[in-house]
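Participant: have a look at this prediction, sequence included:
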Amino acid sequence: MIRLVTLILNATCNPDNACLELDVVVIVVEVGIAGCTDDTACNFDPAATCNPDNACLELDSCGDCGGSRYRGLYR
């Protein structure tokens, strides 16, 4: 997972201008790594943190990852 951090400093003077006040705003955005998160799938990605649009695939009967062939059928 990638974490993006944005730090915003807003400087303002207090009413008597005796000192400077800082307001700190921290924005944290976590960004996932797209890929197959199912460790039983043939395209499993151990670095993936999210699985968009069912990205995981299974082996077909001929051993092709994500294939649609069946042993004994030729097309």
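Facilitator: Looks like it came in fine.
Participant: report pLDDT for Val26.
Facilitator: Val26 is assigned 71 on the pLDDT scale.
Participant: count the residues that sit near the closest residue to Thr49 other than its chain neighbours.
Facilitator: Nearest residue to Thr49 in three dimensions, chain neighbours excluded: Gly32, at 4.1 Å (Cβ to Cβ, 6 or more residues apart in numbering). (Glycine included, C-beta is placed from N, CA and C.) Neighbouring residues of Gly32 were enumerated by other Cβ atoms under 10 Å; the total is 13.
Participant: over to Ala55?
Facilitator: When neighbours are defined as other Cβ under 10 Å, Ala55 has 16 of them.
Participant: helix or strand for it, just tell me which one.
Facilitator: Under the criterion of DSSP states H and E, Ala55 resides outside all helices and strands.
Participant: quick one on the thing from earlier: shouldn't the residue nearest to Thr49 be in contact with Ala47?
Facilitator: No: in this structure, Gly32 sits apart from Ala47 without contact. The criterion is Cβ atoms under 8 Å, and the distance is 10.4 Å.
Participant: how near is the residue nearest to Thr49 to Thr40?
Facilitator: As judged by Cβ to Cβ, to the nearest Å, Gly32 and Thr40 stand 20 Å apart.
Participant: return the residues in contact with Phe44.
Facilitator: The contact partners of Phe44, by Cβ atoms under 8 Å, 6 or more residues apart in numbering, come to 36-38, 56.
Participant: element containing the residue lying closest to Gly35 once chain neighbours are set aside?
Facilitator: Here the nearest residue to Gly35 in space, its sequence neighbours aside, is Ala48; by Cβ to Cβ, 6+ apart that works out to 3.0 Å. Secondary-structure assignment from DSSP H and E places Ala48 in no helical or strand segment.
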